[in-house]
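A.B. asks: sharing a model prediction with you, sequence too.
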Amino acid sequence: MIEHIPVMQREVLAALNVRPGGRYVDCTVGAGGHAFAVIEAAAPGGSLLGIDLDPQALAAARRKLEGFGANVRLVEGNFAEMERICSELDFAPVHGVLLDLGLSSLQLEESERGFSFQREGPLDMRFSPQQEVTAAEIVNGHAESALADVLWRYGDESRSRRIAKRIVERRPLHTTTELAKVVEEAVGRRARRLTHPATRTFQALRIAVNQELLSLETALPQAYGLLGDLGRLAVLSYHSLEDRLVKTFIRQESRDCLCPPRQPICTCSHEAGLRPVSRGAVRPSPEEVARNPRSRSARLRAAERLPATAG
Ligand SMILES: C[S@@+](CC[C@H](N)C(=O)[O-])C[C@H]1O[C@@H](n2cnc3c(N)ncnc32)[C@H](O)[C@@H]1O
């Protein structure tokens, strides 16, 4: 059985400033690795609400966290709805919110989920079985230009048009390995490239299927709204599109005025409510990358909620 190794665990605990008795939301509880470390550090008296879209991940988290009894609650849901979920459970304000984006090793290794180009499986890629759109529908149903657009926008794939053209010529495609082969046919395999030529295509499809950027954009202001004074938001992202959203959000909420720089008088009345915890993103140590190659692309950003000013 594959284990998901939590990425930058020590750094995440520091970023969240986990303290005994604290209340935490793990928006991507996955296999429960980070959640275990957080709830352990929050003892005695701490509590944790874990959210995930994937019922299989939640089952794994339930097993891992069962020893913490009623101090841990787990909910199947989208973190883009964390405000509603927390309000229904009366779980706010909180001391920390964690988002560890993307997919877990459990999901990647399970061929039936269709996330990996190295394992034969259906073109699925949904985090939740409740979602309607699968990768097969995008691959076989999108017009060529729309498909190229997905690969370009979400995969930063410079050869998106060539790949989309070849997919359209070869479809219908049914499996991950068929798709990987078609991408390889379209662009060839560069001798000195370490990654498989289908890596970006698979990333793009996964992001599109799960509307990952939209969920993140919706979630960030809600996470901010859940934080009590000096509460911490910590986000681990794995590609530049996610990281840019997080960086921009923290930067924006750390400024007192959002008016255009040339405007002489502030008319927006925006007030800073966050303070970045570190300058720039924190990266995994070389030792961690050697131990857990999946941490390679991780970037951790964190911010602290400023106390509300009186008046
Ligand atoms: C990288 S894994 C988290 C691993 C976890 N931190 C651990 O240590 O075991 C990301 C998890 O987020 C979940 N996920 C992705 N998007 C989500 C969303 N919009 N709402 C809720 N869960 C989501 C995935 O199903 C996956 O289980």
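C.D. replies: That came in fine, so what should we check first?
A.B. asks: all helices of the stretch 51-200 of the chain, in order?
C.D. replies: 55-65, 82-88, 105-109, 135-141, 144-155, 160-170, 176-187, 199-210 (DSSP state H, counting those that start in this stretch).
A.B. asks: which helix or strand contains the residue lying farthest from the centre of the chain?
C.D. replies: When distances to the mean C-alpha position of the chain are computed (CA atoms, centre = their mean), the maximum falls on residue 264, with 38.5 Å. Per DSSP states H and E: residue 264 is located in neither a helix nor a strand.
A.B. asks: from residue 257, how far out is it?
C.D. replies: Distance, residue 264 to residue 257, by CB to CB, to the nearest Å: 12 Å. The C-beta positions use only the backbone N, C-alpha and C, and glycine is treated the same way.
A.B. asks: please apply the same query to residue 204.
C.D. replies: Taking CB to CB, one finds residue 204 at 36 Å from residue 257.
A.B. asks: which outside residues touch the lowest-mean-pLDDT helix or strand in the chain?
C.D. replies: Using mean pLDDT, DSSP states H and E, the weakest-scoring helix or strand in the chain turns out to be helix 105-109, at a mean of 91. Helix 105-109 is contacted by residues 2-5, 30-31, 54, 56-57, 60, 113, 115-116, 119, 127, 294 when judged by CB atoms under 8 Å, 6 or more residues apart in numbering.
A.B. asks: pull out the buried members of the residues you listed.
C.D. replies: 4, 30-31, 54, 56-57, 60, 113, 115-116, 119, 127, 294 (16 or more other CB atoms under 10 Å).
A.B. asks: closest to residue 138 out of those residues?
C.D. replies: residue 115 (14.1 Å; CB to CB).
A.B. asks: ok, the closest one touching residue 104?
C.D. replies: No: counting by CB atoms under 8 Å, residue 115 sits too far from residue 104 to count as a contact (9.7 Å).
A.B. asks: residue 25 is in what secondary structure piece?
C.D. replies: In this structure, residue 25 sits in strand 23-26 according to DSSP H and E.
A.B. asks: got the residues of the stretch 101-250 of the chain near the ligand?
C.D. replies: Residues of the stretch 101-250 of the chain lying near the ligand by CB under 6 Å from any ligand atom: 102, 103, 104, 127, 215.
A.B. asks: my guess is the third one meets residue 31, correct?
C.D. replies: Yes: contact status for residue 104 versus residue 31: in contact at 5.8 Å, counting by CB under 8 Å.
A.B. asks: what sits in contact with each of the two?
C.D. replies: With CB under 8 Å, 6+ apart as the test, residue 104 and residue 31 both reach 4, 57.
A.B. asks: distance-wise, check residue 263 relative to residue 257.
C.D. replies: Using CB to CB, residue 263 is found at 9 Å from residue 257.
A.B. asks: compare those two (neighbour count), which wins?
C.D. replies: When residue 263 and residue 257 are compared for neighbours, residue 257 comes out ahead with 15 against 10, by other CB atoms under 10 Å.
A.B. asks: which residue is the nearest non-sequential neighbour of the more buried one?
C.D. replies: residue 266 (4.5 Å; CB to CB, 6 or more residues apart in numbering).
A.B. asks: the one you found: neighbouring residues, count only.
C.D. replies: Residue 266: 11 neighbours (other CB under 10 Å).
A.B. asks: ok but it is inside a strand, no?
C.D. replies: No: applying DSSP: H, G, I helix; E, B strand; the rest coil, one finds residue 266 to be coil, outside a strand.
A.B. asks: what's the residue most central in space within the chain in contact with, if anything?
C.D. replies: The centroid of the chain falls nearest to residue 101 when counting by CA atoms, centre = their mean (1.5 Å). Applying CB under 8 Å, 6+ apart to residue 101 gives the contacts 28, 212, 216, 235, 236, 237, 238, 242.
A.B. asks: same question, residue 215
C.D. replies: 78, 79, 80.
A.B. asks: filter the contacts of helix 105-109 down to the ones in strands?
C.D. replies: Among these, DSSP state E puts none in strands.
A.B. asks: how about low-confidence regions in the chain?
C.D. replies: Applying pLDDT under 70 to the chain flags the ranges 1, 190-194, 309-311.
A.B. asks: just to revisit the earlier point, between the contacts of residue 101, which is nearest the ligand?
C.D. replies: Among the contacts of residue 101, residue 28 lies closest to the ligand (CB to the nearest ligand atom), at 3.1 Å.
A.B. asks: element containing the closest one, please.
C.D. replies: Residue 28 belongs to no helix or strand when elements are defined using DSSP H and E.
A.B. asks: what about it, neighbour count?
C.D. replies: Using other CB under 10 Å: residue 28 sits among 24 other residues.
A.B. asks: what is the most widely separated pair among the residues of the stretch 101-250 of the chain next to the ligand?
C.D. replies: Largest separation among these by CB to CB: 104 and 215, giving 16.0 Å.
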